[in-house]
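# Turn this into a structure:
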Amino acid sequence: MPGVSDEPQPAGAPLLDDLMPWSVPPLRLGRSWVLAPDARTLRARWDALVAAEGAERERLFRPSRARGVRAGVAALPGQSTGTVRLAREAGPCPEPVRVLHEPFDEQWLLPDHRLIDVARPELWRIADDRQLFVLEPGYVSQSAGPALLAGALLPEGRSPGGRPGRIRPLYRRPGGGEPNLAPGLVALLCDVYQCNVTPEDVLAWALAAARPGPSGAVVPLPAGTGTWRAGVELGRELLTLQLRGARGGEVPRLPGGRRPYVRAAVPSWPEPPAYDPETETLHLGTGQISPVPAGAWEFEVSGVRVLERWFERRVAHRGADGLEALGPAAWPQEWTSELLSLVTVLALLAERAPERAALAGALDGSPGPDAAALRAAGVLPPPPWARRPASVLDHQEEGPDGQFALL
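Next comes the predicted model:
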């Protein structure tokens, strides 16, 4: 993605880790069969698991040090799943939920704590229709791609390349309560830029201005109100695109004549994607999609091309064994629709690269408050409690075998 790879970091710019102090490592699923690009596959895998008995069920489950079919595990917050030992489970499939598996790769997950090694319950407790999640992808030196991503879906936090990323909720409590921002930051920004600043404005600014770095993303602040407003407006556009119509927003669309269409039907199982820049055509074996702007094809996160990685994850079950081998017998039509949507989002994001570059130039030419200034104002360093999850346990949560967990 032009204009967003390893930009020079302004000296003294604050780290995102200080501005949004509470972060959570990626989820660790422990077994890949609990996640799939379509919900039907997950239901088929669950049915195959509960139909097996004894040692065969344990083999299909694929135990780890953290999880086995006889482990006692509490239910995930907000999920009505069973808590009986999996060795005795005979009930229906838990309802799959949509999650962000990798950057721009929305998939389905069985939200059952018995199936997941490390599910990060603290995130599930605050995942609601007000929450937004910021994903800081794993850093890869000299790689192209955005420093930050954001969306409404709970992210698994996986990074397709480099070290694991970090997940940062915008709010520490359900219902949009208590922003995950350094105490005093919003008030300071209101005073500096002489305008109302909301937590969503801070998130938008970070999306537009953040730059990747080996110690984590840095978020330079501007000197003037005009640059602040422009950056927030750009960041809100980036967020709208990444939400992809969630929360009642507008579904991203390219103007007429530039919208991608299926020019030749995608075969039953297509070959890996290939791109023709002259005709702006994405080839999937004999299938053809065009126009596909070069910016969409070249879009990378952590040095990995998004479209190629998206395709790889949808054919991963072919050649696998065990429950991972269960998947569609042919390429589903809805995957083609998802691909068209993804091409649109990536193309529109790539078009914003010149605006991001212009914002970076303005920040380099006229830097604003740096980390030292935030420390002098008492905003940094954030207090230790701000780096820990808030206590939001206001109701009983079901523990192993139907018992209520002690809170």
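# And the helices in the chain?
16-19, 39-51, 54-61, 121-124, 185-193, 199-209, 225-243, 294-298, 306-314, 333-351, 353-365, 371-376 (DSSP state H).
# and the fifth one with helix 225-243, angle?
Computed with axes from the mean of the first three to the mean of the last three Cα atoms, to 10 degrees, the direction of helix 185-193 lies at 140 degrees from that of helix 225-243.
# Residues touching helix 185-193, excluding its own?
Residues from elsewhere that reach helix 185-193, judged by Cβ atoms under 8 Å, 6 or more residues apart in numbering: 19, 179, 196-199, 201-202, 221, 224-225, 228-229, 368-369, 374, 377, 379. Just so you know, the C-beta spots here come from the backbone N, C-alpha and C atoms, and that holds for glycine as well.
# Domain boundaries for this protein, per the record?
As assigned by automatic domain parsing, the chain contains the domains 16-29+117-251+354-383, 261-346.
# Give me the average confidence score over the last one.
Domain 261-346 shows a mean pLDDT of 97 in the predicted model.
# How far away from the center of its chain is it?
Its chain's C-alpha centre and that of domain 261-346 lie 19 Å apart, by Cα atoms, centre = their mean, to the nearest Å.
# Could you find the closest non-adjacent residue to Val99?
Leu109 (4.7 Å; Cβ to Cβ, 6 or more residues apart in numbering).
# Give me the pLDDT for that neighbour.
Leu109 carries a pLDDT value of 98.
# Assess the claim that it and Val97 are in contact.
Yes - with contact defined as Cβ atoms under 8 Å, Leu109 reaches Val97; the gap is 5.7 Å.
# before we move on, back to that, can you check which of the domains of the chain gets nearest to Arg45?
Shortest distance between Arg45 and those, using Cβ to Cβ, is found for domain 261-346: 4.5 Å.
# quick one: contacts for the residue nearest the centre of the chain?
With distances taken as Cα atoms, centre = their mean, Pro155 lies nearest the centre of the chain, 4.0 Å away. Contacts for Pro155 (Cβ under 8 Å, 6+ apart) come out as Pro26, Val99, Leu100, Phe133, Leu135, Ile167.
# would you turn the domains of the chain into a markdown table with distance to Leu60?
Output for the domains of the chain, formatted as a markdown table (distance: least, Cβ to Cβ, whole Å):
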| stretch | distance to Leu60 |
| --- | --- |
| domain 16-29+117-251+354-383 | 15 |
| domain 261-346 | 5 |
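# Any stretches of the stretch 51-200 of the chain with poor pLDDT?
Applying pLDDT under 70 to the stretch 51-200 of the chain picks out residues 162.
# for it, what spans make up the strands?
97-102, 105-109, 133-136, 149-151, 166-169, 171-173, 177-179 (DSSP state E, counting those that start in this stretch).
# Let me know which of the ones you listed is the nearest to Glu355.
Here strand 149-151 is closest among these (Cβ to Cβ), at 16.9 Å.
# Give me the distance between Leu243 and Gly72.
38 Å (Cβ to Cβ, to the nearest Å).
# Which of those two has more residues huddled nearby?
Leu243 (20 against 12; other Cβ atoms under 10 Å).
# excluding its backbone neighbours, what's nearest the more buried one?
Gly249 (5.2 Å).
# what's the neighbour count on the one you found?
When neighbours are counted by other Cβ under 10 Å, Gly249 comes out with 13.
# cool, Arg65 as well?
7.
# Tell me how many other residues surround Ala347.
Neighbours of Ala347 under the rule other Cβ under 10 Å: 23.
# I figured it hits Arg259, correct?
No - applying Cβ under 8 Å, one finds Ala347 not in contact with Arg259, separated by 9.7 Å.
# quick revisit: need the helices of the chain in a markdown table (columns: distance to Asp105).
Output for the helices of the chain, formatted as a markdown table (distance: least, Cβ to Cβ, whole Å):
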| stretch | distance to Asp105 |
| --- | --- |
| helix 16-19 | 22 |
| helix 39-51 | 15 |
| helix 54-61 | 25 |
| helix 121-124 | 18 |
| helix 185-193 | 32 |
| helix 199-209 | 19 |
| helix 225-243 | 13 |
| helix 294-298 | 15 |
| helix 306-314 | 5 |
| helix 333-351 | 9 |
| helix 353-365 | 21 |
| helix 371-376 | 34 |
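# Identify whichever of the ones you listed lies nearest to Ser215.
When the helices of the chain are compared (using Cβ to Cβ), the closest one is helix 16-19, at 8.1 Å.
# and the closest one, how far from the chain's centre?
Using Cα atoms, centre = their mean, the offset of helix 16-19 from its chain centre is 18 Å.
# Next: stretch 171-178.
Centroid displacement of stretch 171-178 relative to its chain, using Cα atoms, centre = their mean, is 19 Å.
# List the contacts of Arg31.
Arg31 is in contact with Phe61, Arg62, Ser64, Arg67, Leu115, Asp117, counting by Cβ under 8 Å, 6+ apart.
# Top of those by number of neighbours, please.
Leu115 (25 neighbours).
# That one contacts Gly68, correct?
No - between Leu115 and Gly68 there is no contact under Cβ under 8 Å: 11.0 Å.
# Now the common contact residues for these two.
Leu86.
# Off-centre distance for stretch 224-240?
Distance, centroid of stretch 224-240 to centroid of chain: 21 Å (Cα atoms, centre = their mean).
# So which residues make contact with it?
With Cβ under 8 Å, 6+ apart as the test, stretch 224-240 has contacts from 132, 150, 189, 193-195, 200-201, 203-209, 221-222, 249-250, 252, 349, 352, 355-356, 359, 362-363, 366, 368.
# out of these, which are buried?
Among the contacts of stretch 224-240, those classed as buried by 16 or more other Cβ atoms under 10 Å are 132, 150, 189, 193, 200-201, 203-209, 221-222, 252, 349, 352, 355-356, 359, 362-363, 368.
# can you tell me which residues contact Gly176?
Arg130, Gln131.
# Can you tell me, leaving aside adjacent residues, what's nearest to Arg40?
Pro328 (7.6 Å).
# What about Tyr261, how many residues nearby?
Other residues within reach of Tyr261, judged by other Cβ under 10 Å, total 9.
# ok, now how distant is it from Trp297?
The separation that Tyr261 has from Trp297, given Cβ to Cβ, amounts to 16 Å.
# got the buried residues for stretch 288-301?
So for stretch 288-301, counting by 16+ other Cβ under 10 Å, buried means 288-293, 295-301.
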